[in-house]
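1. prediction below, plus the sequence it came from.
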Amino acid sequence: MRITSWSRMRARPAMSTEAAVADTSSTLVVRRATEADAARVAAMINTAFAEYHGKLAPPPSALAETAQSIAPQLASPAGGAVAARLGAPAVIVGAVLFRPEDHDLYFGRLSVPLDQRRHGVAGALIRFVEDEARRRECAGIVLGVRLALPENQRLFARHGFAEVSRHAHDGYAEPTWIKMRKHLHWQRP
């Protein structure tokens, strides 16, 4: 099934006046990603996570994502989403993957390139995941974030996520990442 509807939202005005910052004045739209988006989603993930190469231990597994590794998830009920700025042509400026986990919806690989950060892209993708979780009648949304990335922890806290537990990657004695969760309050219509 190919889903092509877009959630429209107005992007916040650009917070930087640097000429190198991409145009953020156009309409930001978010839609469910399809298998046909796999190469663009993989490229977005690799671009966004490239800044962590050589800086995180263990290295981010996101850097190993390929169209072939992502396509099955996008074709399944798990899924993902892409954000784009409308224009001629529309430009993908963010991506996220999600999947059911117990009674929650887990999301990861939240990816926004440096020149699009602080312009509402991550927030729009998080809201899309939250809407998807409500549609699926999930109890909450969960994610994992590295202890070494406090700015990412603060981003998720601003969106209502709280620390649930700390975990260590295989081969590490001390915690390396935090599980965060947002409880969803909703009622059936």
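-> The structure has been received and is ready for your questions.
2. dump the residue contacts of the residue nearest the centre of the chain.
-> For the chain, residue 110 is the residue whose C-alpha lies nearest the centre (CA atoms, centre = their mean; 2.3 Å). By CB atoms under 8 Å, 6 or more residues apart in numbering, the contact set of residue 110 is 94-96, 122, 125-126, 143. Using the backbone N, CA and C atoms, a C-beta is placed for each residue, glycine as well.
3. would you turn these into a markdown table with pLDDT?
-> Shown next, in a markdown table, are the contacts of residue 110 (pLDDT from 0 to 100):
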| residue | pLDDT |
| --- | --- |
| 94 | 94 |
| 95 | 95 |
| 96 | 96 |
| 122 | 95 |
| 125 | 96 |
| 126 | 96 |
| 143 | 98 |
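4. any low-confidence regions in the protein?
-> The chain contains residues with pLDDT under 70 at 1-25, 186-189.
5. how far out from the middle of the chain is the longest strand along the chain?
-> Counting residues, the longest strand in the chain under DSSP state E turns out to be strand 91-101. Relative to the chain's own centre, strand 91-101 is displaced by 5 Å; criterion: CA atoms, centre = their mean, to the nearest Å.
6. that strand pairs with which strands?
-> strand 80-85 (antiparallel), strand 104-111 (antiparallel) (DSSP bridges).
7. sorry, back to before: report the buried members of the contacts of residue 110.
-> Neighbour counting over the contacts of residue 110 (16 or more other CB atoms under 10 Å) leaves 94-96, 122, 125-126, 143 as the buried ones.
8. buried ones in stretch 133-147?
-> Within stretch 133-147, the residues scored as buried using 16+ other CB under 10 Å are 133, 138, 140-143, 145-146.
9. among these, which ones are in strands?
-> 140-143, 145-146.
10. so which helix or strand takes in residue 151?
-> Element membership of residue 151, judged by DSSP states H and E, is helix 150-158.
11. in that helix, what's buried?
-> 152-153, 155-156.
12. which of the residues you listed sits closest to residue 178?
-> Nearest to residue 178 among the buried residues of helix 150-158: residue 153, at 6.6 Å, using CB to CB.
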